[in-house]
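1. fold the following.
(one chain, ligands or ions: 1)
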Amino acid sequence: MIEIKNLTKIYKLNKKQMKESKTTDTLKTAVDNLSLTARPGEIYGLLGPNGAGKTTTLRCISTIIKPTRGEIFVSGHEVKREPEKVREKIGFLTGDIKLDPQFSVDYMFNFFGRLHHIQEDKLAARKEELFTYFGIKDFSHKKIKELSTGMAQKAAIAVCLVHDPEIIIFDEPTNGLDVITARSVTDYLKKLKAEGKLVIISTHVMSEAEKICDRIGVIIDGQKVAEGTLGQILHDTNAEDLEDAFFELYRHQKGGK
Ligand SMILES: Nc1ncnc2c1ncn2[C@@H]1O[C@H](COP(=O)(O)OP(=O)(O)OP(=O)(O)O)[C@@H](O)[C@H]1O
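-> Next comes the predicted model:
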(Lines give C-alpha, C1' and ligand atoms only; values in the text may rest on other atoms or scores of the structure.)
Protein backbone atom coordinates (compact mmCIF):
# COMPACT_ATOMS: atom_id res chain seq x y z
CA MET A 1 0.00 0.00 0.00
CA ILE A 2 1.08 3.59 -0.63
CA GLU A 3 -0.25 6.25 1.73
CA ILE A 4 0.61 9.85 1.02
CA LYS A 5 -0.33 12.25 3.80
CA ASN A 6 -0.27 15.97 3.10
CA LEU A 7 2.75 15.87 0.78
CA THR A 8 4.24 19.23 -0.08
CA LYS A 9 7.38 19.62 -2.16
CA ILE A 10 8.95 23.04 -2.60
CA TYR A 11 11.95 23.41 -4.90
CA LYS A 12 14.53 26.16 -4.49
CA LEU A 13 15.09 27.74 -7.87
CA ASN A 14 18.51 28.81 -9.07
CA LYS A 15 18.95 31.94 -11.21
CA LYS A 16 18.79 29.98 -14.47
CA GLN A 17 15.54 28.25 -13.41
CA MET A 18 14.06 31.58 -12.32
CA LYS A 19 14.92 33.08 -15.71
CA GLU A 20 13.49 30.09 -17.59
CA SER A 21 10.27 30.23 -15.53
CA LYS A 22 10.13 34.04 -15.97
CA THR A 23 9.69 34.51 -12.21
CA THR A 24 11.35 36.45 -9.42
CA ASP A 25 10.21 33.86 -6.85
CA THR A 26 13.05 31.77 -5.47
CA LEU A 27 10.72 28.94 -4.45
CA LYS A 28 8.42 26.74 -6.52
CA THR A 29 5.69 24.66 -4.87
CA ALA A 30 5.50 21.60 -7.13
CA VAL A 31 3.22 19.51 -4.90
CA ASP A 32 0.80 21.20 -2.56
CA ASN A 33 -0.65 19.30 0.43
CA LEU A 34 -1.47 16.17 -1.57
CA SER A 35 -2.91 13.06 0.06
CA LEU A 36 -3.79 9.75 -1.54
CA THR A 37 -3.93 6.04 -0.88
CA ALA A 38 -3.22 3.35 -3.48
CA ARG A 39 -3.79 -0.30 -2.71
CA PRO A 40 -2.46 -3.71 -3.82
CA GLY A 41 -4.33 -5.13 -6.81
CA GLU A 42 -5.03 -1.78 -8.44
CA ILE A 43 -3.55 0.46 -11.09
CA TYR A 44 -3.69 4.00 -9.78
CA GLY A 45 -3.16 6.76 -12.35
CA LEU A 46 -1.90 10.23 -11.57
CA LEU A 47 -3.32 12.28 -14.39
CA GLY A 48 -2.34 15.88 -14.99
CA PRO A 49 -0.97 18.41 -17.45
CA ASN A 50 2.72 19.25 -17.91
CA GLY A 51 4.20 20.66 -14.74
CA ALA A 52 1.31 19.48 -12.52
CA GLY A 53 3.63 17.73 -10.06
CA LYS A 54 3.20 14.09 -11.11
CA THR A 55 6.89 13.26 -11.48
CA THR A 56 7.72 15.10 -8.27
CA THR A 57 5.14 13.02 -6.39
CA LEU A 58 6.46 9.74 -7.82
CA ARG A 59 10.06 10.75 -7.05
CA CYS A 60 9.12 11.48 -3.43
CA ILE A 61 7.45 8.05 -3.13
CA SER A 62 10.54 6.43 -4.64
CA THR A 63 12.97 8.17 -2.22
CA ILE A 64 14.79 9.94 -5.09
CA ILE A 65 13.94 13.31 -3.51
CA LYS A 66 12.76 14.25 -0.01
CA PRO A 67 9.36 15.73 0.74
CA THR A 68 9.43 19.26 2.17
CA ARG A 69 6.44 18.44 4.36
CA GLY A 70 4.14 15.48 4.89
CA GLU A 71 4.63 11.74 5.14
CA ILE A 72 4.63 8.87 2.64
CA PHE A 73 4.26 5.26 3.76
CA VAL A 74 5.20 2.48 1.35
CA SER A 75 4.16 -0.93 2.67
CA GLY A 76 4.22 0.69 6.10
CA HIS A 77 7.72 2.19 5.75
CA GLU A 78 8.04 5.97 5.83
CA VAL A 79 10.19 7.28 2.98
CA LYS A 80 12.35 9.65 5.04
CA ARG A 81 12.82 7.31 7.99
CA GLU A 82 13.34 3.99 6.16
CA PRO A 83 14.37 4.73 2.56
CA GLU A 84 16.25 1.42 2.11
CA LYS A 85 13.19 -0.60 3.14
CA VAL A 86 11.10 1.40 0.68
CA ARG A 87 13.58 0.78 -2.15
CA GLU A 88 13.38 -2.99 -1.57
CA LYS A 89 9.63 -2.89 -2.12
CA ILE A 90 9.48 -0.78 -5.26
CA GLY A 91 10.42 -0.85 -8.91
CA PHE A 92 10.69 2.72 -10.22
CA LEU A 93 10.77 3.64 -13.88
CA THR A 94 11.31 7.22 -14.89
CA GLY A 95 12.46 8.91 -18.06
CA ASP A 96 15.21 10.71 -16.12
CA ILE A 97 17.05 7.60 -14.98
CA LYS A 98 18.99 6.29 -17.92
CA LEU A 99 20.73 2.95 -18.05
CA ASP A 100 24.47 3.25 -18.65
CA PRO A 101 24.77 3.53 -22.46
CA GLN A 102 28.10 1.66 -22.62
CA PHE A 103 26.74 -1.61 -21.26
CA SER A 104 24.53 -4.29 -22.77
CA VAL A 105 20.96 -4.97 -21.64
CA ASP A 106 22.08 -8.37 -20.40
CA TYR A 107 24.89 -6.85 -18.32
CA MET A 108 22.63 -4.19 -16.79
CA PHE A 109 19.98 -6.76 -15.88
CA ASN A 110 22.55 -8.96 -14.12
CA PHE A 111 24.14 -5.95 -12.43
CA PHE A 112 20.87 -4.74 -10.91
CA GLY A 113 19.86 -8.30 -10.02
CA ARG A 114 23.05 -8.69 -8.02
CA LEU A 115 22.56 -5.30 -6.38
CA HIS A 116 19.26 -6.70 -5.12
CA HIS A 117 21.07 -9.87 -3.92
CA ILE A 118 19.06 -12.16 -6.16
CA GLN A 119 20.41 -15.72 -6.34
CA GLU A 120 21.94 -16.61 -9.70
CA ASP A 121 19.40 -19.32 -10.59
CA LYS A 122 16.48 -17.02 -9.71
CA LEU A 123 18.09 -14.21 -11.70
CA ALA A 124 18.39 -16.46 -14.76
CA ALA A 125 14.73 -17.51 -14.46
CA ARG A 126 13.61 -13.91 -14.03
CA LYS A 127 15.63 -12.86 -17.07
CA GLU A 128 14.11 -15.63 -19.16
CA GLU A 129 10.60 -14.54 -18.18
CA LEU A 130 11.04 -10.79 -18.69
CA PHE A 131 13.25 -10.98 -21.78
CA THR A 132 10.82 -13.39 -23.42
CA TYR A 133 7.77 -11.27 -22.56
CA PHE A 134 9.27 -8.03 -23.83
CA GLY A 135 11.04 -9.62 -26.81
CA ILE A 136 14.42 -8.51 -25.48
CA LYS A 137 16.37 -11.67 -26.30
CA ASP A 138 17.12 -10.52 -29.84
CA PHE A 139 18.90 -7.39 -28.65
CA SER A 140 20.02 -8.32 -25.12
CA HIS A 141 23.69 -8.33 -26.21
CA LYS A 142 23.47 -4.82 -27.70
CA LYS A 143 24.75 -1.75 -25.89
CA ILE A 144 22.03 0.48 -24.47
CA LYS A 145 23.25 3.36 -26.67
CA GLU A 146 22.57 1.27 -29.80
CA LEU A 147 18.89 0.68 -28.95
CA SER A 148 15.84 2.43 -30.34
CA THR A 149 13.58 4.36 -27.92
CA GLY A 150 11.18 1.43 -27.67
CA MET A 151 13.92 -1.14 -27.12
CA ALA A 152 15.57 1.06 -24.47
CA GLN A 153 12.25 1.53 -22.67
CA LYS A 154 11.60 -2.22 -22.66
CA ALA A 155 15.11 -2.81 -21.31
CA ALA A 156 14.59 -0.19 -18.59
CA ILE A 157 11.28 -1.83 -17.62
CA ALA A 158 12.85 -5.29 -17.39
CA VAL A 159 15.72 -3.96 -15.27
CA CYS A 160 13.44 -2.12 -12.84
CA LEU A 161 11.33 -5.29 -12.41
CA VAL A 162 14.35 -7.58 -11.84
CA HIS A 163 13.63 -8.05 -8.09
CA ASP A 164 9.91 -8.75 -8.66
CA PRO A 165 8.82 -5.71 -6.61
CA GLU A 166 5.41 -5.65 -4.93
CA ILE A 167 4.94 -1.99 -5.88
CA ILE A 168 5.57 -0.70 -9.40
CA ILE A 169 5.93 3.03 -9.95
CA PHE A 170 6.05 4.07 -13.61
CA ASP A 171 6.42 7.68 -14.67
CA GLU A 172 4.75 7.96 -18.08
CA PRO A 173 5.37 4.29 -18.95
CA THR A 174 4.41 4.52 -22.63
CA ASN A 175 5.99 7.89 -23.41
CA GLY A 176 7.54 7.81 -26.89
CA LEU A 177 6.46 4.24 -27.65
CA ASP A 178 4.60 3.05 -30.75
CA VAL A 179 1.15 1.51 -30.23
CA ILE A 180 2.39 -2.07 -30.32
CA THR A 181 5.15 -1.53 -27.78
CA ALA A 182 2.86 0.65 -25.65
CA ARG A 183 0.26 -2.13 -25.61
CA SER A 184 2.81 -4.72 -24.46
CA VAL A 185 3.76 -2.41 -21.59
CA THR A 186 0.17 -1.68 -20.51
CA ASP A 187 -0.72 -5.39 -20.81
CA TYR A 188 2.19 -6.20 -18.52
CA LEU A 189 0.97 -3.62 -16.00
CA LYS A 190 -2.43 -5.35 -16.04
CA LYS A 191 -0.71 -8.71 -15.49
CA LEU A 192 1.15 -7.28 -12.47
CA LYS A 193 -2.13 -5.98 -11.09
CA ALA A 194 -3.75 -9.39 -11.60
CA GLU A 195 -0.91 -10.87 -9.53
CA GLY A 196 -2.04 -8.58 -6.69
CA LYS A 197 0.67 -5.95 -7.09
CA LEU A 198 0.15 -2.25 -6.72
CA VAL A 199 0.90 -0.24 -9.85
CA ILE A 200 1.00 3.55 -9.79
CA ILE A 201 1.62 5.47 -13.00
CA SER A 202 1.68 9.06 -14.13
CA THR A 203 0.24 10.02 -17.46
CA HIS A 204 -1.20 12.91 -19.41
CA VAL A 205 -2.70 10.52 -21.96
CA MET A 206 -6.46 10.42 -21.29
CA SER A 207 -7.08 7.22 -23.25
CA GLU A 208 -4.38 5.40 -21.30
CA ALA A 209 -5.86 6.47 -17.96
CA GLU A 210 -9.36 5.50 -19.15
CA LYS A 211 -8.28 2.08 -20.33
CA ILE A 212 -5.96 0.78 -17.66
CA CYS A 213 -6.47 2.68 -14.41
CA ASP A 214 -8.80 1.37 -11.73
CA ARG A 215 -8.69 4.73 -10.01
CA ILE A 216 -7.48 8.08 -11.22
CA GLY A 217 -6.21 11.05 -9.23
CA VAL A 218 -6.37 14.26 -11.24
CA ILE A 219 -3.57 16.64 -10.26
CA ILE A 220 -3.37 20.28 -11.32
CA ASP A 221 -0.93 22.88 -9.91
CA GLY A 222 0.33 20.30 -7.42
CA GLN A 223 -3.12 19.74 -5.93
CA LYS A 224 -5.38 16.71 -6.20
CA VAL A 225 -8.58 18.11 -7.68
CA ALA A 226 -10.48 14.85 -8.22
CA GLU A 227 -10.13 11.17 -7.45
CA GLY A 228 -12.09 8.02 -8.13
CA THR A 229 -12.96 5.43 -10.72
CA LEU A 230 -13.55 6.70 -14.23
CA GLY A 231 -17.30 6.34 -13.60
CA GLN A 232 -17.12 8.39 -10.39
CA ILE A 233 -15.12 11.18 -12.01
CA LEU A 234 -17.47 11.35 -14.99
CA HIS A 235 -20.45 11.39 -12.63
CA ASP A 236 -18.99 14.11 -10.40
CA THR A 237 -18.08 16.35 -13.33
CA ASN A 238 -21.18 15.53 -15.36
CA ALA A 239 -18.91 14.71 -18.30
CA GLU A 240 -19.11 12.16 -21.10
CA ASP A 241 -15.45 11.24 -21.24
CA LEU A 242 -12.28 11.83 -19.26
CA GLU A 243 -11.06 14.62 -21.52
CA ASP A 244 -14.26 16.60 -20.93
CA ALA A 245 -14.04 15.86 -17.20
CA PHE A 246 -10.43 17.02 -17.18
CA PHE A 247 -11.24 20.33 -18.90
CA GLU A 248 -14.07 20.93 -16.43
CA LEU A 249 -11.73 20.32 -13.49
CA TYR A 250 -9.02 22.46 -15.10
CA ARG A 251 -11.42 25.35 -15.70
CA HIS A 252 -12.66 25.12 -12.11
CA GLN A 253 -9.12 24.99 -10.69
CA LYS A 254 -8.09 28.05 -12.72
CA GLY A 255 -11.08 29.98 -11.41
CA GLY A 256 -13.40 29.49 -14.34
CA LYS A 257 -11.03 31.18 -16.81
N1 LIG B 1 14.46 19.98 -9.77
C2 LIG B 1 13.58 20.98 -9.91
N3 LIG B 1 13.90 22.23 -9.55
C4 LIG B 1 13.02 23.24 -9.69
N5 LIG B 1 11.76 23.09 -10.15
C6 LIG B 1 11.40 21.87 -10.53
C7 LIG B 1 12.27 20.75 -10.44
N8 LIG B 1 11.61 19.66 -10.90
C9 LIG B 1 10.38 20.07 -11.27
N10 LIG B 1 10.24 21.40 -11.04
C11 LIG B 1 9.04 22.20 -11.29
O12 LIG B 1 7.99 21.67 -10.49
C13 LIG B 1 6.75 21.65 -11.20
C14 LIG B 1 6.22 20.23 -11.28
O15 LIG B 1 7.08 19.48 -12.11
P16 LIG B 1 6.87 17.90 -12.38
O17 LIG B 1 8.00 17.47 -13.24
O18 LIG B 1 6.67 17.22 -11.09
O19 LIG B 1 5.49 17.91 -13.18
P20 LIG B 1 4.83 16.79 -14.09
O21 LIG B 1 3.38 16.79 -13.75
O22 LIG B 1 5.55 15.51 -13.96
O23 LIG B 1 5.03 17.39 -15.55
P24 LIG B 1 5.38 16.67 -16.97
O25 LIG B 1 4.12 16.00 -17.43
O26 LIG B 1 5.73 17.85 -17.82
O27 LIG B 1 6.50 15.73 -16.74
C28 LIG B 1 7.05 22.27 -12.57
O29 LIG B 1 6.72 23.65 -12.51
C30 LIG B 1 8.54 22.08 -12.72
O31 LIG B 1 9.09 23.10 -13.53
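2. name the element residue 28 belongs to?
-> Element membership of residue 28, judged by DSSP states H and E, is strand 27-38.
3. adjacent strands (with direction) for that strand?
-> Sheet pairing here is set by DSSP bridges, and for strand 27-38 it gives strand 2-12 (antiparallel).
4. and the partner strand, which residues are buried?
-> Residues of strand 2-12 classed as buried: 2, 3, 4, 5, 7, 8, 9 (neighbour count, 16 or more other Cβ atoms under 10 Å). (C-beta placed from N, C-alpha, C; glycine too.)
5. which among those residues gets closest to the ligand?
-> Within the buried residues of strand 2-12, the smallest distance to the ligand is 8.0 Å, found for residue 9 (Cβ to the nearest ligand atom).
6. the closest residue to the closest one other than its chain neighbours: how many residues sit nearby?
-> The shortest distance from residue 9 to any non-neighbouring residue, by Cβ to Cβ, 6 or more residues apart in numbering, is to residue 31 (4.3 Å). The number of residues packed around residue 31, counting by other Cβ atoms under 10 Å, is 28.
7. how about the contacts made by residue 31?
-> For residue 31, the residues meeting the contact criterion (Cβ atoms under 8 Å, 6 or more residues apart in numbering) are 7, 8, 9, 53, 56, 57, 60, 222.
8. pick out the most distant pair among those residues.
-> When the contacts of residue 31 are compared pair by pair using Cβ to Cβ, the two farthest from each other are 60 and 222, 11.7 Å apart.
9. okay, helices next: where are they in the stretch 101-250 of the chain?
-> Counting by DSSP state H, counting those that start in this stretch, the stretch 101-250 of the chain has these helices, from start to end: 105-115, 120-133, 149-160, 179-194, 206-212, 230-237, 242-253.
10. secondary structure class for the nearest residue in space to residue 200 that is not next to it in sequence?
-> In space, residue 200 comes closest to residue 44 once its chain neighbours are excluded; the distance is 4.7 Å by Cβ to Cβ, 6+ apart. Put simply, residue 44 is strand when judged by DSSP: H, G, I helix; E, B strand; the rest coil.
11. relative to the ligand, how far out is residue 44?
-> The spacing between residue 44 and the ligand, counted by Cβ to the nearest ligand atom, to the nearest Å, is 15 Å.
12. who are the neighbours in contact with that residue?
-> With contact set as Cβ under 8 Å, 6+ apart, residue 44 has these partners: 2, 36, 38, 198, 199, 200, 201, 213, 214, 215, 216, 217.
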